[in-house]
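Asker: No letters, just coordinates:
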């Protein structure tokens, strides 16, 4: 009878072992699959990061190139403007609207107007005419 009990225990142990191997084997293969998927996602993320870094570097290089071109264009524009102003100064001919005598007369009148304005008293320094004497202006003085 001992051998039947031993054989029963052996069969039960074999069945339990076989079942545990199936259950643990499935979870282990799932772990392997998940680990492989995780490694694939990490590799894809690293590739994406490298692609983004390369793109940003190319954009930065393009912006620097555009900035250099803009600076060169601004310098060239300034040089052309300076050349144009020099040419205009060389070829500028003054054609007066008035004759020389009239221009001199206008200049003298302008200077005399400035002198007259400086010597003229301002209105704020004088009393208003309506109140300066007894019967002046629009109002008549009632105080005598």
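Answerer: Sure thing, it's come through. Keep in mind the model is a prediction, meaning the values are calculated, not measured.

Asker: Any stretches of this structure with poor pLDDT?
Answerer: Residue ranges of the chain with pLDDT under 70: 25-27, 91-96, 113-144.

Asker: Can you show me the helices along it?
Answerer: Ranges of helices in the chain, per DSSP state H, are 2-91, 100-119.

Asker: Those helices into JSON lines, with extra columns for mean neighbour count?
Answerer: C-beta coordinates here come from the backbone N, C-alpha and C atoms, glycine included. Converted to JSON lines, those look like this (neighbours: other CB atoms under 10 Å):
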{"stretch": "helix 2-91", "mean neighbour count": "10"}
{"stretch": "helix 100-119", "mean neighbour count": "10"}
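
Asker: Distance check, residue 33 against residue 39.
Answerer: Between residue 33 and residue 39 the computed distance is 11 Å (CB to CB, to the nearest Å).

Asker: One more: residue 52?
Answerer: Residue 52 is 20 Å from residue 39, where distance means CB to CB.

Asker: Kindly report the same for residue 81.
Answerer: 63 Å.

Asker: again with residue 55
Answerer: 25 Å.

Asker: now swap in residue 22 and tell me
Answerer: For residue 22, the distance to residue 39 - CB to CB - is 26 Å.

Asker: Also residue 5?
Answerer: Remark: distance between residue 5 and residue 39 (CB to CB) = 50 Å.

Asker: Same check on residue 87?
Answerer: For residue 87 relative to residue 39 (CB to CB), the value is 72 Å.

Asker: swap in residue 45?
Answerer: 11 Å.

Asker: Equivalent analysis for residue 46, please.
Answerer: For residue 46, the distance to residue 39 equals 11 Å [CB to CB].
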